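A.B. asks: okay, sequence plus prediction incoming.
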Amino acid sequence: MNSLPRVTVLPAAPVDLAGVAALIAGTNGHPANQSLHCAAATPAAVRAALRRVEDFPGGWERGFVVGTTADGEPAAVLGAQLSPDGTLGWLWGPWLADERHWNTPLPAALLDALNQRLPAGVRQLEAFLHVENRDARRFLQARGFGSGLVTHIYVCRSARTGCAREVGADLTATHEVAFARLHADTFPAGASTPADELLAGRDTEHRIFAAVDGLRLLGYVCVSVNRAPSEGFVDYLAVRESARGRGIGSGLLGRARRWAFVEQRLPQLALCVSDWRAGARRLYEQAGFALSASGVALRRRR
Ligand SMILES: CC(C)(COP(=O)(O)OP(=O)(O)OC[C@H]1O[C@@H](n2cnc3c(N)ncnc32)[C@H](O)[C@@H]1OP(=O)(O)O)[C@@H](O)C(=O)NCCC(=O)NCCS
């Protein structure tokens, strides 16, 4: 058996881009090593993700640390993408080229180096690992990260699958108060974007489509454009309890699909759904969405 190479952890530099992209892509190739905040599995897709993530102030390398062997090969990578308000660090990784390094001080050295590098305003770190990525989960749990719920990522790659019915038009001022109430009742505060932010953030790439019956709001779907990968994303879908089971949810999803594939000409439409939302999962599967990956979130205050 080969001996383990010595690895030195340093802040990432622009020159590391190709090696880091190759390491992440190679490691992501197996679910047991995947970090779902960047699940890209080709070097080109990882490079695009690193370049296009807008929230890395000063370039991707600002929020990354790399473990390098004596001959200059990247052997480990960990990074953090900052939330728009700068208080959350979404962890990319950790990725290790050689799984034997999990039993060495290397992963802890990565995390410590990243912690030193992140701005003081980052209050919480949050990883999102494939459910089969047990090594990284065990490591983060040992470092004080608590496990959250299992979440599933679904992707639809065709404009034509599922039901053809379409429901919903842009939310108007008449229904904004009802939207805020239904959103707060359906999605727990803290873990979701508040309604006032969703309302204020509307533009061509952030839409809210509403199903209404006169003055009554029956349901809504919030959609947005993701850059890396390039896709439409269903951020929220909800139908008022008394209106469920009448095809409104699938109709709103049909409207979201036209927006993504026809109006925005995006190649896919994706979404995340918590494991316990069995009804919503059935709806997505019937509507032509396929399960892409299942992940678990792990969080720690900084
Ligand atoms: C999920 C939700 C949007 C569905 O809205 P809806 O208007 O009832 O959905 P539809 O009437 O279009 O149902 C379409 C299909 O979804 C499935 N479905 C919807 N709700 C279901 C439930 N509670 N149990 C099982 N299947 C369900 C069914 O397969 C249904 O098809 P069928 O009527 O032919 O059996 C609604 O239940 C809701 O708002 N739930 C709470 C919020 C939520 O879970 N949102 C998704 C989070 S990502």
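C.D. replies: Happy to help now that I have it.

A.B. asks: pull the contacting residues for the residue of the stretch 51-200 of the chain found nearest the ligand.
C.D. replies: As assessed by CB to the nearest ligand atom, the ligand sits closest to T186 within the stretch 51-200 of the chain, at 4.9 Å. In short, each C-beta sits where N, CA and C put it, glycine included. Residues in contact with T186 (CB atoms under 8 Å, 6 or more residues apart in numbering) are 236, 238.

A.B. asks: poorly predicted segments of the stretch 1-150 of the chain, please.
C.D. replies: Across the stretch 1-150 of the chain, the ranges flagged by pLDDT under 70 are 1, 54-55.

A.B. asks: excluding its backbone neighbours, what's nearest the closest residue to the ligand within the stretch 101-250 of the chain?
C.D. replies: Residue of the stretch 101-250 of the chain nearest the ligand, by CB to the nearest ligand atom: G249 (2.4 Å). Excluding the flanking residues, the one nearest G249 by CB to CB, 6 or more residues apart in numbering is V239, at 4.9 Å.

A.B. asks: state the pLDDT value of that neighbour.
C.D. replies: Note for V239: predicted pLDDT of 98.

A.B. asks: same check on the one 4 residues further on?
C.D. replies: The predicted local distance difference test score for A243 is 98.

A.B. asks: contacts only, for the closest residue to it other than its chain neighbours.
C.D. replies: Closest residue to A243 apart from its sequence neighbours, by CB to CB, 6+ apart: L218 at 4.3 Å. Neighbouring residues of L218 by CB under 8 Å, 6+ apart: 210-212, 239-240, 243, 248.

A.B. asks: L271 in helix, strand or coil?
C.D. replies: Following DSSP: H, G, I helix; E, B strand; the rest coil, L271 is assigned to strand.

A.B. asks: what's across from it in the sheet?
C.D. replies: Y154, V234 (DSSP bridges).

A.B. asks: report how many residues lie close to it.
C.D. replies: A count of nearby residues for L271, using other CB atoms under 10 Å, gives 24.

A.B. asks: equivalent analysis for Y284, please.
C.D. replies: That count, for Y284 with other CB under 10 Å as the rule, works out to 25.

A.B. asks: just R246 next, same as before
C.D. replies: When neighbours are counted by other CB under 10 Å, R246 registers 14.

A.B. asks: the chain should start at 164 in everything you say after this.
C.D. replies: Sure thing, new numbering starts at 164, so read that last one as R409.

A.B. asks: so when I look at it, I'm seeing a helix, right?
C.D. replies: No: assigned with three-state DSSP, R409 falls outside any helix and is coil.

A.B. asks: for the particular helix or strand that has T231 in it, packing partners?
C.D. replies: In this assignment (DSSP states H and E), T231 forms part of strand 227-232. Helices and strands touching strand 227-232, by 3 or more CB pairs under 8 Å, 6 or more residues apart in numbering; DSSP states H and E, are strand 170-174, helix 180-191, strand 237-245, helix 269-280.

A.B. asks: could you pull out the helices for the stretch 364-465 of the chain?
C.D. replies: 411-421, 441-449 (DSSP state H, counting those that start in this stretch).

A.B. asks: skipping adjacent residues, who's closest to A453 in space?
C.D. replies: V318 (6.1 Å).

A.B. asks: ok, that neighbour - contacts?
C.D. replies: Taking CB under 8 Å, 6+ apart, we find V318 in contact with 394, 431-433, 452-453, 455.

A.B. asks: report the distance from stretch 210-219 to the chain centre.
C.D. replies: From the chain centre to the centre of stretch 210-219 is a distance of 13 Å (CA atoms, centre = their mean, to the nearest Å).

A.B. asks: export that stretch to PDB, keeping only CA atoms.
C.D. replies: Output in PDB follows, covering the C-alpha atoms of stretch 210-219 (Å, rounded to 0.1, in the frame of the first residue of the first chain):
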ATOM      1  CA  ARG A 210     -14.700  25.600 -13.000                       C
ATOM      2  CA  ALA A 211     -17.900  27.200 -14.200                       C
ATOM      3  CA  ALA A 212     -19.500  26.900 -10.800                       C
ATOM      4  CA  LEU A 213     -16.400  28.400  -9.100                       C
ATOM      5  CA  ARG A 214     -16.300  31.300 -11.500                       C
ATOM      6  CA  ARG A 215     -20.000  32.000 -11.600                       C
ATOM      7  CA  VAL A 216     -20.900  32.000  -8.000                       C
ATOM      8  CA  GLU A 217     -21.500  35.700  -7.500                       C
ATOM      9  CA  ASP A 218     -21.200  35.700  -3.700                       C
ATOM     10  CA  PHE A 219     -17.500  35.000  -3.400                       C
END
